[in-house]
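>>> Provided below are the primary sequence and the corresponding predicted coordinates.
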Amino acid sequence: MTLATAAKRSGATAGRRPERPRDHGAWFLVLPALIPILVLSVGPLLYGIALAFTDAQSGRTQATGWIGTLNFQDLLHDTLFWDSFRIGLLWAVGVTVPQFLLALGLALLLNQNLRLRWLARALAIVPWAMPEVVVGIMWRLVYNPDAGILNETLRTLGLGDGRDWLAGLATALPAVILVGIWAGMPQTTVALLAGLQNTPHELHEAAALDGAGAWRRFRTVTWPALRPVALAITALNFIWNFNSFALVYVLTSGGPGGRTRLPMLFAYEEAFRYGQFGYAAAMGCVMVAVISVLLALYLVGRLKGGEDR
Amino acid sequence: MSGLRTSGPARAGQYLALLAYLVFLAFPFLWLISTAFKPARELASLHPTWIPENPTLGNFRQAFDEQPLLQAAGNSLLAALGAAVVCVVLATPMAYVIARHRGRLSTAATGWVVVSQAFPFVLVIIPLFLILKNLHLINSVIGLVLVYVVWSLPFALWMLVGYVRAVPAELEEAAAVDGAGRLRTLVSVTAPLLAPGIVATALFAFITAWNEFFFALVLLKTPEKQTLPVVLTHFLGAEGVADLGPLAAAAFLATLPSLVVFAVIQKRITGGMLAGAVKS
């Protein structure tokens, strides 16, 4: 449909006016947004990549010099950074996968003709509207060892005295991951719900008439239609989660003992606490490179899988 | 899904699942509200209750005494309003071009929207910090607004392109046939139809900026310039020992504006995402 209207439209305009002056008009309309994008987004990105090959530091008096790949060589042997990187991957996968499954369940429910659906839809979006800092504070109150509702509930149910979830070496990362799942569910649910509402009803009904059960209908009708949206949102979620900062900064600041120190927290401290701009920029480059490769593999694998079937 | 009948037990299961979701999604927020209204004595008790036995507003008073919340809210408001207005003013013309002309420019813009989502903040924040420092825009709301504008532009474009496509091009062509110039057509035909979409986009940029933490943390140095999310973290204290009551009260207040704005545009955001996703 889009193709047809586009063809019609370009045909109509081409007949009316010569193309040239139109293009000038277009550039005039685009420039106001293009300039800030180039200056404050594309420019800094290139600048940042360049910084990774320098010894830039904050508050230094001598000039910054090129040092080649020295930062990257140092980084290769920086076990603290690779620990942090491993935690970042654990966190990103640990949040993205359950988040997707839970959001899919919720989206399927919200797509049904249930009573109180409006209330559920409104509530499901609340975490999205909250500042991440508030989400972090809120869950600190929930996890609080004495005054928190989690330990109190455990005590009431007779499941022991509970513990200091965010301070325990073993519990800190899972506790933080649960918050990540909670905070990101709305976007994922909304995106999947949008995808669900595009699945053809007729096919559903035809499949039901043919005696297909709920699971078969999901596999053969819903999932194929939902696949592109699901792919896009999980890929985006993975990137967002890997780059996440505020939640964990508020919850644990990377503690205890670095167990929740995500790469973003690590790079932030390196740059703005220790002033190692060049080294932190190199970390940024490595993060981007590894994530891009992982994502490319994921997307290619998924797309291939789709063709085979 | 009117044509499909769901059996009784299955329906009951669905309601049960929905209830579980609602509890999971709502309980932390309810706990925050509960904590905000509890007096210090109840917060120290070993068996905290859901409903405060002696609800008090004392936490709110104390929160305002401890931190410059009003000033921080003012800074946040300034940054968010500035970001929202500048963002839609810059993005609307570009979105129009992308929606109406299919060419290299549109492809490049769409590509950038996607890539920018994968943007690593670490790699951008250090150069931005250095650039803004040279312009003497560190510790200034103007510098922050600049960053927020660029940061919200991709999603704003995404939403706006969807809204522009929803305005039939035939209307504009009809106006052109009637002798209206290009600018005239944009102002008197397209703009009014686009207005609700523009408002929704602006409000979305507002919330994004109001909630933002990382850039504000790096770029704003002194307490009298800091925005609400940054000031909220001051309640946490150095060792993570927090005065829970005022912390909860301040966090609750900081959330209200976003919640109200979000309630207003909720339908449009989901609609905009849908439009952008389906029609591009």
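Structure's in. What do you need?

>>> in chain B, which ranges drop under the pLDDT threshold?
For chain B, the stretches flagged by pLDDT under 70 are B:1-6, B:117-119, B:238-242, B:267-280.

>>> quick one, what contacts the residue in the stretch 201-309 of chain A that chain B sits nearest to?
Distance from chain B to each residue of the stretch 201-309 of chain A (Cβ to the nearest Cβ) is smallest for residue A:284, at 3.5 Å. To be clear about C-beta, it is placed using only N, CA and C from the backbone, and glycine gets the same treatment. Going by Cβ atoms under 8 Å, 6 or more residues apart in numbering or on different chains, residue A:284 touches A:48, A:52, A:267, B:120, B:122-123, B:126.

>>> show me what counts as buried in the helix or strand that contains it.
Using DSSP states H and E, residue A:284 maps to helix A:277-308. Neighbour counts over helix A:277-308 (16 or more other Cβ atoms under 10 Å in any protein chain shown) mark A:277-288, A:291, A:294-295 as buried.

>>> ok, stretch A:225-241 next?
Across stretch A:225-241, burial judged by 16+ other Cβ under 10 Å covers A:225-226, A:229-230, A:232-241.

>>> chain B next: which of those are close?
Residues of the buried residues of stretch A:225-241 in contact with chain B (Cβ under 8 Å from any Cβ of the partner chain): A:229, A:236, A:239-240.

>>> rewinding a little: which one among the buried residues of helix A:277-308 gets closest to residue B:134?
Set against residue B:134, the nearest of the buried residues of helix A:277-308 by Cβ to Cβ is residue A:277 (13.8 Å).

>>> and the closest one, what does it touch?
Contacts of residue A:277 (Cβ under 8 Å, 6+ apart): A:51, A:56-58, A:271, B:126, B:130.

>>> need the residues of the stretch 201-309 of chain A near chain B, please.
Counting by Cβ under 8 Å from any Cβ, the stretch 201-309 of chain A comes close to chain B at A:201, A:204-205, A:208, A:214, A:229, A:236, A:239-240, A:243, A:245-246, A:249-250, A:253, A:263-264, A:267-268, A:271-272, A:277, A:280-281, A:283-285, A:287-288, A:291-292, A:295.

>>> repeat that for 6 Å
A:205, A:208, A:236, A:239, A:243, A:245-246, A:267, A:271-272, A:277, A:281, A:284, A:287-288 (Cβ under 6 Å from any Cβ of the partner chain).

>>> just want the most central residue of chain A.
By Cα atoms, centre = their mean, chain A has its centre lying nearest to residue A:240, at 2.3 Å.

>>> helix, strand, or coil at it?
Under DSSP: H, G, I helix; E, B strand; the rest coil, residue A:240 falls in the helix class.

>>> what about the closest residue in space to it that isn't next to it in sequence, how many neighbours?
Of all residues not flanking residue A:240 in the chain, residue A:184 sits nearest, at 7.2 Å (Cβ to Cβ, 6 or more residues apart in numbering or on different chains). By the criterion of other Cβ atoms under 10 Å in any protein chain shown, residue A:184 has 24 neighbours.

>>> I'd assumed residue A:99 was in contact with residue A:184.
Yes: in this structure, residue A:184 is within contact of residue A:99 by Cβ atoms under 6 Å, at 5.2 Å.

>>> quick check: residues of the stretch 51-200 of chain B near chain A?
Contact residues (Cβ under 6 Å from any Cβ) of the stretch 51-200 of chain B with chain A: B:90-91, B:93-94, B:97, B:101-102, B:117-118, B:120-124, B:126-128, B:150, B:169.

>>> thinking again about what came up before, of the ones next to chain B among the buried residues of stretch A:225-241, closest to residue A:112?
Relative to residue A:112, and with distances defined as Cβ to Cβ, the nearest of these is residue A:229, at 18.3 Å.

>>> need the contact partners of the strand or helix carrying that closest one.
Using DSSP H and E, residue A:229 falls within helix A:223-242. Helix A:223-242 is contacted from outside by A:88, A:92, A:95-96, A:100, A:188, A:191, A:195, A:199, A:291, A:295, A:302, B:117-118, using Cβ atoms under 6 Å, 6 or more residues apart in numbering or on different chains.

>>> helices - which of those residues land there?
With DSSP state H as the criterion, helices contain A:88, A:92, A:95-96, A:100, A:188, A:191, A:195, A:291, A:295, A:302, B:117 from among the contacts of helix A:223-242.

>>> which pair of these spans the longest distance?
Spatial extent of the ones in helices among the contacts of helix A:223-242 (Cβ to Cβ) is set by the pair A:88 and A:195 at 28.1 Å.

>>> please report phi then psi for the nearest residue in space to residue B:226 that is not next to it in sequence.
Computed as Cβ to Cβ, 6+ apart, the closest residue to residue B:226 that is not its neighbour in sequence is residue B:220, at 4.7 Å. The phi/psi pair for residue B:220 (degrees, to the nearest 10) reads phi -110, psi 120.

>>> hmm, residue B:220 is touching residue B:228, no?
No: look at residue B:220 against residue B:228 with Cβ under 6 Å: they stay out of range, at 11.2 Å.

>>> domains of chain B?
When chain B is parsed with automatic domain parsing, its domains come out as B:8-56, B:60-279.

>>> start and end of the first one, how far apart?
Okay, so that is domain B:8-56. End-to-end distance of domain B:8-56: 45 Å, with Cα to Cα, to the nearest Å as the criterion.

>>> run the chain-centre distance for it.
Relative to its parent chain, domain B:8-56 has a centroid offset of 25 Å by Cα atoms, centre = their mean, to the nearest Å.

>>> kindly report the same for the last one.
Domain B:60-279 sits 6 Å away from the centroid of its parent chain (Cα atoms, centre = their mean).

>>> burial check on residue B:223, number of neighbours?
Using other Cβ under 10 Å, residue B:223 has 13 other residues around it.

>>> re the thing from before, need the contacts of helix A:223-242 in CSV with distance to residue A:43, can you?
Listed next are these as CSV, based on distance: Cβ to Cβ, whole Å:
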residue, distance to residue A:43
A:88, 27
A:92, 28
A:95, 31
A:96, 31
A:100, 35
A:188, 32
A:191, 31
A:195, 35
A:199, 42
A:291, 22
A:295, 24
A:302, 33
B:117, 18
B:118, 17
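
>>> what about the helices in chain B?
In chain B, the helices defined using DSSP H lie at B:8-36, B:40-44, B:58-66, B:69-100, B:104-117, B:121-134, B:141-166, B:169-177, B:182-185, B:191-211, B:214-219, B:228-234, B:244-279.
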